[in-house]
Structure formats: structure tokens, C-alpha cells
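Visitor: show me the folded form of this:
(chains A, B, C, D, E and F)
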There are 6 protein chains.
Amino acid sequence: MLETVAPARWAEPWDNPGLQIGSPNQEIKKIFSSLDPTLKALMSASKAHAQVLFTHHPLIFKPLSRFRTDAFPGNVITEAARRGIAIVAAHTNLDAAPGGINDILAGLLGLTNVEVLKAVDAAEGAGLGRIGNLPDPASLPSVAKTVRKILGTADIRAVGERDRLIRRLAVVGGSGGSLVSLACEKGADLLLTGDVGHHVALEAEASGIALIDGGHFHSEKTAFKVFAKNLETLLRSKGWEIQIETDEGEVDPLWVCNG
Amino acid sequence: MLETVAPARWAEPWDNPGLQIGSPNQEIKKIFSSLDPTLKALMSASKAHAQVLFTHHPLIFKPLSRFRTDAFPGNVITEAARRGIAIVAAHTNLDAAPGGINDILAGLLGLTNVEVLKAVDAAEGAGLGRIGNLPDPASLPSVAKTVRKILGTADIRAVGERDRLIRRLAVVGGSGGSLVSLACEKGADLLLTGDVGHHVALEAEASGIALIDGGHFHSEKTAFKVFAKNLETLLRSKGWEIQIETDEGEVDPLWVCNG
Amino acid sequence: MLETVAPARWAEPWDNPGLQIGSPNQEIKKIFSSLDPTLKALMSASKAHAQVLFTHHPLIFKPLSRFRTDAFPGNVITEAARRGIAIVAAHTNLDAAPGGINDILAGLLGLTNVEVLKAVDAAEGAGLGRIGNLPDPASLPSVAKTVRKILGTADIRAVGERDRLIRRLAVVGGSGGSLVSLACEKGADLLLTGDVGHHVALEAEASGIALIDGGHFHSEKTAFKVFAKNLETLLRSKGWEIQIETDEGEVDPLWVCNG
Amino acid sequence: MLETVAPARWAEPWDNPGLQIGSPNQEIKKIFSSLDPTLKALMSASKAHAQVLFTHHPLIFKPLSRFRTDAFPGNVITEAARRGIAIVAAHTNLDAAPGGINDILAGLLGLTNVEVLKAVDAAEGAGLGRIGNLPDPASLPSVAKTVRKILGTADIRAVGERDRLIRRLAVVGGSGGSLVSLACEKGADLLLTGDVGHHVALEAEASGIALIDGGHFHSEKTAFKVFAKNLETLLRSKGWEIQIETDEGEVDPLWVCNG
Amino acid sequence: MLETVAPARWAEPWDNPGLQIGSPNQEIKKIFSSLDPTLKALMSASKAHAQVLFTHHPLIFKPLSRFRTDAFPGNVITEAARRGIAIVAAHTNLDAAPGGINDILAGLLGLTNVEVLKAVDAAEGAGLGRIGNLPDPASLPSVAKTVRKILGTADIRAVGERDRLIRRLAVVGGSGGSLVSLACEKGADLLLTGDVGHHVALEAEASGIALIDGGHFHSEKTAFKVFAKNLETLLRSKGWEIQIETDEGEVDPLWVCNG
Amino acid sequence: MLETVAPARWAEPWDNPGLQIGSPNQEIKKIFSSLDPTLKALMSASKAHAQVLFTHHPLIFKPLSRFRTDAFPGNVITEAARRGIAIVAAHTNLDAAPGGINDILAGLLGLTNVEVLKAVDAAEGAGLGRIGNLPDPASLPSVAKTVRKILGTADIRAVGERDRLIRRLAVVGGSGGSLVSLACEKGADLLLTGDVGHHVALEAEASGIALIDGGHFHSEKTAFKVFAKNLETLLRSKGWEIQIETDEGEVDPLWVCNG
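Guide: Numbers count the residues shown, from 1 in each chain, chains lettered A, B, ... in the order given. A predicted model of the protein is given here:
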């Protein structure tokens, strides 16, 4: 089913989406949906009596030739095997998909004239990031305020002049610093993404584009929750009685520590 | 312990010896020893109440980025996780080790003046294959008869002239076809190994060295059994009360079908 | 001519088919056909007064930057130069060709509904291996008996349960162990090939497909003889008066040594 | 001179330290020192009548085969050429050097029993990061408070449990996320660095080590200022009358936008 | 404009044509055209009050990560920056272009039935070298005499028999030794090019094709002058009032020293 | 024997020195010595009743996987096989050897204080090129005159100012353009080599070093003749009665064509 909504061929070459552990023949009544396949998420899925843990990030980034059952990711694999829970991920393929992470973020921001930022499959409208116009041009701090509200982020960081007027905005959920120059070329006044480091910030400053770092976790978690709801509705419309429960206990591992 | 007997640094670069799945902190009372980490071997280890399945061949040759619980090797991983059995392998490092697979084979054949065929760690006498003199020079069919008896092979194949007298013999347990030219250079009249294919046979014929294919399975299984016994004795001598049980139900997957 | 029947573009990337030594302008009255370009085969070709030694396996697998006239393959090159005999090979391109090695094997086995196992040039029906239905379903030992008769092999080895019923059979002349999983996916109950090693046997067992090792030499020699006959007929039908003589003195370098 | 304090051979393989543009024969009276070779920094150096702009980050990370005079870094190269200002960088070689960025940070934090985290040149005590004991064990928020004071950061982020007691601390100025597992192995309770992204945060959480993101800019700028002072003193002690002026107008391109 | 006449996609993969230094927005009234972007050429361009130095060879062959202002090519970059002169190159793309270097040489030699020697873009008639028939067959020394006259070379070297009659001639401006075998296959009696080394000369001798080394500098300079004139005419026909002045002071760095 | 004078380990990585075709066990009475293993040289060796053709350049530069008996180098291989003549080469290993090509050239030029230009085996004094002082400083044309006399070249080309005084000279027999910058660093006023192309000439001009192109053929042939004489003497001193005859009919394939 997922393969229809976000085919694996839309994933980046380094990515590892799809079935991480499990059998394609497993019967499914309940899916538990977390951003990350942590041990805590797996235990929550087990408590929720789910047969599948559905995550955004893959369990295995670097192929394994051995694994310890007492350390990540071997401990998650062991518990998944013991409890008979399959783990399935939809990562950059879901970022790229129409109706995926970035389309959802563009919708939450109310963007108009939305286009794909970097095409992956032009014919089907799939690609990394989206770019569109804000409903009303606004200053950088004003856009930041809106973002903080939508994403529920405690703390926003920005690059660029405070009084700059933002008309056209590019958005890349997660970690989109490598798309700064493309966003600039495509006429964006601002790129909203997460995990913005020093060299990306300097590059943006030199290129004359503003940045908002809305957080890797919050930008994706917010959109992934919406996607899970949409997927459940889609499954039901096809006659599959599958419940999707969102992991409400998952929190950003990075917390602001200004006390 | 195993790391002392056959250090991982003696393994070939493509190999994956050592802990396949499990925790270094697991308590061990019983080890079950099979040539291959098949599902059948794991189930036998479980029935034998072993905490460790000790094999010659690694479970994972090619690093995995996902695995199905209903297909090899995911099914073995799943059952090992469920049953709390660790899997540990000693492969080309054990082939190379002094007292390892090839030293044991040289001993069973009664070779004298034994040297390492291809040095891996010259200082410590580790290397692939062994080469030595037969107790008494013998014809190719006569050597084949001896090999069949020692290895318990149903069926022996050979390359070379039938009446050739064999004085010096090289032995490589498992699959040693790539060492034909080296064995020849070092003065061997015969190379005893397994998995001999057509192009290796032609190469031997052109180089003027005889070959005996004693079977990949039988050459290694015979020596691995001896090694397991020796290891048990060594462990006890160090005060470790660990029992090592050999998998007696394991058979060559290739069977002669001349009916 | 050969280029029409089995174009070099159908060869595997590592292969070296075509003219090994000689001049394209050489006049040809007689071709001597051997499976392997050994010194013995070249001498037989010379005795037969052939201008061309036509072989299945190439003379040079690994490009040479120097060669000794007293060792293979330099000795064959030297004698070919001295005697003015060209050497031409048709290897994986002939395996893949319609009417090539694998099509001939499929015909000898009486397979029906024959398809290419792994397409090389789908438009022209070229590819590695063939897959088709046995005239009548039969048990593994019964198929082995038939194979022994057709290929003239002394000794057959098999993988799989003895009482398994074989309906659909894949065949790859020579060394086809790397196609086990493909044969399995395409629904074969059995793969008939040669040079089956231990790890291929285990893979087949884990995948639930049976194997018959009919010998690299016998599977190819049998088919290559038929091909040489067919080629002679084809050449004559085009008005070329060229005789093709098969090397009847060529034997399997691997012989069963159970005495 | 710089080559003595922080030899280029201590730099990481991807780095490009040393002379970026200029002539080794240029006479030097005044050096202007900025963290980054931005156009603004170059203009400030020019206003300060410096002959050299000394920076931490190199001007050219990716080798250039052409450059536009109206875009970074071509605009900086053009203005440096026009104004006769050389640009010299000391980057990962300075991070690694004894008395370099990380040694200075360890000193500012009052660490004791300081060791190199990842050796680059063991004989000379050079290496990436430092690890040492806090003067007094403290909770994570308490350490964060100290860091905020020392680095002058507006906003600190952390990973790990709030009440965790920190005894041993690893510090890597700039972007040190790739050293999480090494810091963990070496027994650090906390790694202080900058540019901490989501996946590094998860890795730290899974490994049981705390993190403080003190900012790439602030961690390096603070230490680089101290280094410039020390370098000036060293130069004078050798009889070189060279003034080093620190760029006080340089600010973090990333600003907290919580308005 | 240049991009229309000789698009960069026709350049060889290792080449670096186009803007070397400068801004695409620079206003242009005068172009100074030299074969090589030497410091002398740049100074001449400056004296001629040109805004652009247009060269055949690129300024930067190997990407730079640093450059000295007192050594090539840093000194040229520095002076170009100081004087506000852009440098633009058209190299192998111009060699390949219809109406480019090799088409001009073919025209100067009066060749008929001219074809591309090695296609780069078959659809648009672009490719390396040209091949065509001489107006009248002539001996090698007679052709050499003509070439000396057309190119203004002091000294011609040749490979091949003196009395060989030349009918079909291949021409590759600059350094075309790698095209000897192709010229041979395409039926050329002679290849006219520059920079002919010993091994290329031997290869030509063994292949039975004659060579004339007309000089790398002279073969390209002669044609580049004609191209510059043609380009000026083309620009004017499009309404661009841009003057192109040829560098008449540029001489071959290699001079005959037979005194 | 040759292996003692110029061990193969001193050859450049791309080179192929040593036995090209033949058997190490061949009895040798006469060696015929040519610069290049052409068909003409082989025929001359045959006429001279030599058992070995000893050349500077290898027969096979690029490893062969097939060869035509009617084209180079297959025709040379065929004739060598037919006539039982071995071919042996000493190329860059001989360039590097003490007493090799470059040492001989340095001697012929009367250089003093001779050092290796680029060390290959510092301990044994082997390396590419030599550098030393002229007996008397001289102008570029005056040095060129001397070179023409020593090498017997018809035609010398040079790079650099005519009135430049040459004190220290680097010499690289054959094709030494890649050593321009090293010769410059080591303080040479002039590099004498062959096969000087346009870009090497420009590089020398920009670096301020003069060049003399004395011809690839003539620089090596002159020295190789001397080496063959020395080798013959050495062999006799060791009691080997082997005659070495120099190929006097070998000429430069490149001839000056100024008629």
C-alpha cells in the first residue's frame, strides 16, 4: 500500500526505506507510528498491541554485518523479533511524494502556487522540498512566529536581516541545508528547514537568502502525524480495517537548556 | 577466548568472523558447534540448551540493510533473538591459525616438514593452507583412497595422471582453487582442497600439479570437529566450565546421485 | 559469420570472445573445434590440418603484458604463431545466443514452454540460461538419471530432497551457481548446471530449489558438439566450403577417483 | 611562523589550510583576525590597514576551476587581489594543535587530567578534541549555565537527562558530532560541541552520553580570539613587530528569533 | 553569444571552457584575443583597453584550492581582478564546433568532401578533427611545404616515407596524437597535427599512416585568428558593437635553435 | 643479470619492463639491442642470429586480451615466436638506475656535482633524471650547439630567453616534461629532454626555466648504445660469453621536412 503512496524509487540513493525487519505476509490490524525507530518507540508499539511500527527514519542506515543484542540497533531488532513486530520506514521517498512531508508542510503554511523544489520524478510531481508564496508577505520575525506556532517549536533560529520582507518561501522538512543554492536560484526569499549548521548559515548569508531553522524533529513530526492520519483514512477508503496510532510520547532529543 | 586462538586480524578482507548476533556479556555454559549457521543448526543448538552456536561460516557475508523474518538469514536472526542464542563464527582466521583447520588436516594426513602455504602473519605462523611431505610417496589413486577414509567422503574427484607419484602435498580446507599456482611454485605434487571447478582443473593440468577434490563440506567438517574438541580441552585447562557439543546431524548439502 | 550467430555484444563484461590470435584475412578450409584452447587441442588441430581452432573458452581471460613461451598460455600462442593457426572463441555470447549452448541443452532435455532465464538482449531472444517444463514431472533421482544419459557424465551430484517432484527446470551450461535465486524466483523446481560449490548448495537448500551438478565440462562439451555440427550445416547452406571437425580426444580434466 | 604552531600535516584530509591567496614574500605589519573569510571581514581588514586576513575557516573548501567576481568566493578573491591583502587560514590543524582551539576551550572550562580525544600526531600531542574532568561534578543544566557564560551564547541546547551528573567532559570546537561514539568509549559523560543535528542527538541518546550544543560560531570565536592574542605575544617574543587585531564586528549568522 | 557558436557541452570531459574569471553582467566594448591566457597577454589586453581577454586555452586546467599572487596562474587572476578584465576561453568546444578551429584549418588547406573525424554531437556536425581530400594528390614533402606556408611554421617534422602520395588528409589543430588510429581507420593517408611525440610517431609508422607535425601553436593560432575575425563579423551582424582585436605579439614559446 | 643492474622495482607503476616474450631458460649467445621493438628491429635481430632482442621500450604497454598476427604488436610476437627470439626490455627502471640512461647522459654532457632529480630508491641512488653543473656556464644557444653535437640531432628546439646564462642543467632522457616544476625547484637553469609539447613549454616559460628539446629518440638512442657497450663489458667480466650488437639501422621516425 505504502509503495503506491511513496514508491521506494523516489528515495535518495543513500536511503533505506521500506521493510526493515519483518515478513511481507504478516497480518496487520494496528500500526503504531513514530518518527524514529528507537527502543522506546518499539516498546510503545508493543504496549499498543501493534503489529507494525511505522517510522519516518529507517532503522538501518549503514548495512550491518553483525549486531549486538544489547546496543542500538541490535536491541531494537532483537525486541522486534521477540515480539513479532515488523518495522517499516518511509523516509526520503515520503519527503518527495505528492501528499508527503513537504506537501503537508506547504499546506500547513498556507503556501500558494506551490512547486517542487528539486524534481525526483517530474512526471508524477515527486521531488524534494516545495516552494510557494506566503498568503501575505511578512517580515522574517513574523514568519518565524507563525512557524513556531505551526510546528510547536520552543526555539527558532534564523539567518538574514530582521526587516527583510518574505514573499516566496521554500520548505524542506528535516535537514535541507544542501538545497540553499537551489532555493536561491528558484527565487525563494526564505528557506525553512532544520539542522542548520554554521557553514550553511554563511552560505545563505552570502547568497542573500534568509533561513529559518524550525527543527529537524518538529518539522517532520508535525507533518508525519498528519500523514499517518491521511494514510489511515486512505486505507479505510480501500476497505482495509487497519488502525494507525500516533506515538504521542515521542519528544525532540534536543531540548533548550536556558535555565 | 577465541580471539586468542584465532584473532580476527588473520581473516581475509572480505570475511566477517566473530560475533554475528548476541551480546559480549552473555553467560556461557554450553556451546553447540556446526559448520554452517543454518536454521536447522540453530534449532539443534536450542534443543541442546546451548547459549552459543559456534560455526565455521559466518551468518552474514554481505552486510544487510533490511531482513525478512521468513527467509534466510533473517529467519536465523529472528530465532536466535527469540531464543537468546548468540552466534559466533571463526572462518578464514581459523583456517589460518596455528592449530586451526589446515594444521589439523595436515596432522590427519600425517604430513611432515609442514609449512604455511600462504603467510598471513609470518611472525606467528599463521597463513592459508599447509604444505608438507607424505609419510610415504604414493600414487594419486592411493592418496585419494587415504583422503576418502580420513574425510569420510563418498566420492573423490581428481586432476592429473593416474600413475603420478605424490611426495609433497598442499592442503587447503574448503575452497582453495585460487592457490593452485602458489602450491605449484612451492613444489607441491598435489593440492587437496574442495569446490574444484573446471577452470581450476585446467589450470592445474597446465601447471603440472595434481588435484584432489575432497569436498568443501567434508574437508572442513572433519577438521572443525577436531578443533571443537581441542577448544573444549583448552577452555577447561583455563578453568572455564564450558561444554562444547558437536552437531552430529549436519550433512553435506551436495549428495552423490548415481542411483 | 560467427558474429551473426553469436554477436560479441551478448558476452558478459568480463569475457573475451572472438579472435584470440590470428588475422581476419586468413583463408579457411577446415575448423577444428575443442571446448578449451589447451596445447593438446592446438596440436590436434595442427594434426588435422585445420587453419582455425574454434573453442568455447577464450585463450586469454586476464589481459597479458608479457608471456613465457614455455608456459600456458604463451606456449599455445607460440605454437599457434609457428603453425599459422588462428584461435577463435565463442563463450558467453554463445551461451546467450538463440540456438546456442543453453538452447541446445533445453532441446536435448525435451523442455517445453522454454524461456530465457536472464535476458541479455530481450528483443532478439538472447540471454543466460533457459527455463522450461519437463515432458513429464519426475523425481530428482529420475531426472538425474536422464541427465547422466544425455551428458555422458560418470557421476552426478544433487542438492534437495530425494523425493521432490520436478516439473519446471532451469538449465545453465558450465558454471551457473550465481543464477540460483533467479531460477527460484522464476518458479524452477530444479537448476541443472556445473561447478556447484558448497555455498551455492546451501543457498539452494535455503531457497527451496533443487540442484543437479551435471559437470561444467560435460554440459558444455555435449552442447558445443551439436553447435559445431549446426554451424557447419549453416556455413554450407551459405555456400562456404568449410569443414568443422570436432575434437573427440578432449576429456574432462576432473575424473572420479573412487577406486 | 604559523606552520610551527599548527603544521598543515595535522589538518584533516578534506581541509585546505594555509595561504589561500597572496605571496609568501609579502611584508607584514598588521594581521586582522576573523573566524570566517567573508567579504565583510575582508573589508574590515582593509579598513584596519592590515596586510593579512587571518581566519579559522578556509576561503576555498572545494577547488575552483573558474570564479565569478560578483559572487562568493570570487568577490573576496577579487577584493583581496585589488587591495593586496593576503588571506591565510588555520583550521583543523589549529583545532588539533597543542595550544590550539580545543586546548584553549579545555582551559576556559577549567578541565583537569586533559587528554587528546582523537590523536592526529600522538608524538606531539596533537589531535581532535580534548577530554578532561570538570573541577566539580555538576548537573547538565548547571554545566550548560557555565558554558553559556564562557562562550557568550544566547541559547544552549542539550541532549540527555536533566539530572545527570557530569564528571568527565569532552569538548570539540565547531562541529564535532562525528566524535560522539569515541567520546562515549573514552568515558565522557558529556560532549560539548556545535552544529548538533537530529541524528547525532539520537545517537547520543542511544549511547547514553549527554550533549551540549554551545554553537559552532561561539565555541570557535571565543577560542580563536584567545589564540590570536597568544600568537601576537609569541611573535613579539621572537622579535617580530606584528600587530594582530581581532574582528570585533563579526557575529553569529544564526540568531535566536523568539520575539 | 559564444555559447551559441561553441556550446560548452561539446568540450572534452577534462576541459574547462567558458568564463574563467569575471562577471556575466560586465559590459563589453572590446575583446582582446590571444591563444594563451599568459600574464603578457593580459597586460596586452589591458593596454588595448579591452574588457575581455578571449583565449583558446583555459586559464585553469586543474581546479585550485589556493593560489599565489606572484606565480602563474595566481598572478594572472590578480591582475585580471585589479584591472577588471574578464577572461573567457573556448577550447575543445571550439575545436569541435562547425566553423571552429578544425573546420577553419580544413578550409585553409582547401580540403573537399570534408567530414568530422570523431563525432561529438553528430546531429549538429560537431566533432574533433576533420578529414577530407586534398585538391590535388601530392607527395609528403610537397604537402609539408604547403602546410609551412599556411601556418607560418619555421620547421616541419614528418613521419612516413618521403615519396608517399597523399590523397586524403586528416587535420587536428593542437595536439591530436591520440587520433592516429582513428584517422587510419577512416582512410587518411596523412594526419596533420602538433605535439607529436616518439610513441605516436612509432604508432603511425606501424599503422602505415603519415604524420606532419605543424606545431601546436601555429596550427591553432592561425585558425584562432580567423575565428576571431568571423566572430566579430557575426557579432556586428547581430547588432553588437564589439571590437575584437587579435594579439599580434604572441609567439610560439618553442623556437628552433639551430644557430 | 639485467635485474641486478636495473631492478624492475625501479620502474614506474605504468611501465612493463623485463621479459616481453620468451623463456627464462633460453640459452643466449648474442643479444641485439634496439631502442624500439619494431618488426624491423626484430628482423634485424634475426638476420644477426641473435637469441634476444634487447630494447629500451617495452613491446606491450597496454595488456592484451587478443592480438592480430598481421598488425603491431601481434606481428612482432608472431615473428618472435616463429624465430625463437626472446624480447627483453629495460625502460624506466634503466632510466632510474645508477649507470643508466640519465647517468650516461649526464656523463656525456660533462656535468659535475650530479644528483638524482626525482628519487625512486634513495638508498641505492636510483631515480628519474639527473641534475648537475655545466663545466662552464654558457648561453642557451651555445648549450644547444653542444647538445646537437652529442646527440646527433638534426634540429633542436628551445624555450626561454636566448641570452640566458646556463649554470645548472637537469637532464631527462626520453619524455621528461612532467618534471619541469621539480627541475625548477631544484635550481636548474635548463631542462634537457624530449617530446616537449606546447603546454609544457608555456609552463617552463611561466616558471622561468629554459628548455631544450633534444629529441626523445636521439637522447635515448645515444645513451642506450653506451649502456649496451657497458653491459657487454660487465657480462664478460662475469665470465658470460655474450655478444651485444647495437642496431645501427634504427632511425628517428620523426624527420625534419624543411625541403
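Visitor: count the neighbours of residue A:157 for me.
Guide: For residue A:157, the neighbour count with other Cβ atoms under 10 Å in any protein chain shown is 24. Any C-beta I mention is one placed from the backbone N, CA and C, and that applies to glycine too.
Visitor: for it, which non-adjacent residue is spatially closest?
Guide: residue A:213 (4.4 Å; Cβ to Cβ, 6 or more residues apart in numbering or on different chains).
Visitor: OK, contacts around residue A:105?
Guide: By Cβ atoms under 8 Å, 6 or more residues apart in numbering or on different chains, the residues touching residue A:105 are A:130, A:171, A:173, A:192, A:219, A:222-223.
Visitor: and the helix or strand encompassing residue A:142, which residues are buried?
Guide: Using DSSP states H and E, residue A:142 sits within helix A:140-151. The neighbour-count check on helix A:140-151 (16 or more other Cβ atoms under 10 Å in any protein chain shown) flags A:140-141, A:143-148, A:150-151 as buried.
Visitor: can you pull up the most central residue in chain A?
Guide: residue A:220 (3.4 Å; Cα atoms, centre = their mean).
Visitor: how about it, secondary structure?
Guide: Secondary structure assignment for residue A:220 (DSSP: H, G, I helix; E, B strand; the rest coil): helix.
Visitor: for the contacts of residue A:105, work out which two are farthest apart.
Guide: Largest separation among the contacts of residue A:105 by Cβ to Cβ: A:130 and A:222, giving 14.7 Å.
Visitor: neighbour count winner among these two?
Guide: Neighbour count, other Cβ under 10 Å: between residue A:130 and residue A:222, residue A:130 has more, with 25 against 21.
Visitor: mind listing what the more buried one touches?
Guide: By Cβ under 8 Å, 6+ apart, the residues touching residue A:130 are A:102-103, A:105-106, A:111, A:114-117, A:170-171.
Visitor: drop anything exposed from those.
Guide: Buried members of these, counted by 16+ other Cβ under 10 Å: A:102-103, A:105-106, A:111, A:114, A:116-117, A:170-171.
Visitor: from those residues, which land in strands?
Guide: Among the buried ones among the contacts of residue A:130, the ones falling in strands (DSSP state E) are A:114, A:116-117, A:170-171.
Visitor: which among these gets closest to chain C?
Guide: residue A:116 (33.3 Å; Cβ to the nearest Cβ).
Visitor: what's the closest non-adjacent residue to the closest one?
Guide: Sequence neighbours aside, residue A:127 is the residue nearest to residue A:116 in space, at 3.4 Å (criterion: Cβ to Cβ, 6+ apart).
Visitor: test my guess that the one you found contacts residue A:114.
Guide: No - using Cβ atoms under 8 Å, residue A:127 makes no contact with residue A:114, being 11.3 Å away.
Visitor: which bits of chain A sit near chain E?
Guide: Contact residues, chain A versus chain E (Cβ under 8 Å from any Cβ of the partner chain): none.
Visitor: and the gap between the residue of chain A found nearest chain C and residue A:34?
Guide: Nearest residue of chain A to chain C: residue A:24, at 14.2 Å (Cβ to the nearest Cβ). Look at residue A:24 and residue A:34: by Cβ to Cβ, to the nearest Å, they are 21 Å apart.
Visitor: before we move on, what about residue A:187?
Guide: Applying Cβ to Cβ to residue A:187 and residue A:34 gives a distance of 36 Å.
Visitor: more neighbours: which of these two?
Guide: Set side by side, residue A:187 and residue A:34 show more neighbours around residue A:34, with 26 against 11, by other Cβ under 10 Å.
Visitor: how about that one: which residues does it bridge to?
Guide: Beta-bridge partners for residue A:34, by DSSP bridges, are residue A:55.
Visitor: the residue of the stretch 101-250 of chain A found nearest chain E - how many residues pack around it?
Guide: Using Cβ to the nearest Cβ, the single residue of the stretch 101-250 of chain A nearest to chain E is residue A:185, 14.0 Å away. Here the count is done by other Cβ under 10 Å, and residue A:185 has 10 residues near it.
Visitor: look up the pLDDT of it for me, please.
Guide: For residue A:185, the pLDDT comes out at 96.
Visitor: do the one 4 residues further on as well
Guide: We have a pLDDT of 98 for residue A:189.
Visitor: so where is chain A shaky, pLDDT-wise?
Guide: For chain A, the stretches with pLDDT under 70 are A:1-3, A:259.
Visitor: about what we covered before: against which helices or strands is the helix holding residue A:142 packed?
Guide: Applying 3 or more Cβ pairs under 8 Å, 6 or more residues apart in numbering or on different chains; DSSP states H and E, one finds that helix A:140-151 contacts strand A:157-159, strand A:165-175, strand A:190-194, strand A:210-213, helix A:216-237.
Visitor: ok, now which ones touch residue A:6?
Guide: A:17, A:90, A:93-94, A:96-97, A:100.
Visitor: can you tell me which of those lies closest to chain B?
Guide: residue A:17 (9.4 Å).
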